[in-house]
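**Q** when you get a sec, could you give me coordinates for this:
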Amino acid sequence: MKTFLLLFLLLSDCKTAITPTDNTIVYVCESSNGKKYHLNPNCKGLRNCSHRIVKLTLGEAKRRGKTLCHWEK
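**A** Residues are numbered from 1 along each chain as shown. Okay, here's the model as predicted:
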């Protein structure tokens, strides 16, 4: 049972149950190579960001060409 719980927690690190709207706050790595947005500020996908992490609305992130991080799908 402990193994199952640990596995569940590791695999659900970034999963979110919210339905985002254009006004939802998302997080992006402010670098020239950043292509993803993150619903969770603690997502694994942001761990490698060596630049500043900024908050944007989902609508603005999409206008900038960002797509949802694969860890959060």
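**Q** just give the closest residue to the most centrally placed residue in the chain, not the sequence neighbours.
**A** For the chain, the residue nearest the mean C-alpha position is residue 38 (1.9 Å; Cα atoms, centre = their mean). Computed as Cβ to Cβ, 6 or more residues apart in numbering, the closest residue to residue 38 that is not its neighbour in sequence is residue 27, at 4.5 Å. Every residue, glycine included, has its C-beta placed from N, CA and C.
**Q** just to revisit the earlier point, my read: the residue nearest to the centre of the chain touches residue 72, true?
**A** Yes. Proximity of residue 38 to residue 72 meets the contact threshold set by Cβ atoms under 8 Å, at 6.5 Å.
**Q** for the residue nearest to residue 38, give me its contacts.
**A** Contacts for residue 27 (Cβ atoms under 8 Å, 6 or more residues apart in numbering) come out as 37, 38, 39, 40, 41, 43, 46, 53, 54, 55, 56.
**Q** so the last one sits in a strand?
**A** Okay, so that is residue 56. Yes. Under DSSP: H, G, I helix; E, B strand; the rest coil, residue 56 sits within a strand.
**Q** residue ranges with poor pLDDT in the protein?
**A** For the chain, residues meeting the criterion pLDDT under 70 lie at 1-18.
**Q** residue ranges of the strands in it, please?
**A** For the chain, the strands defined by DSSP state E cover 25-29, 36-37, 53-57, 67-68.
**Q** could you measure residue 62 against residue 48, distance?
**A** 22 Å (Cβ to Cβ, to the nearest Å).
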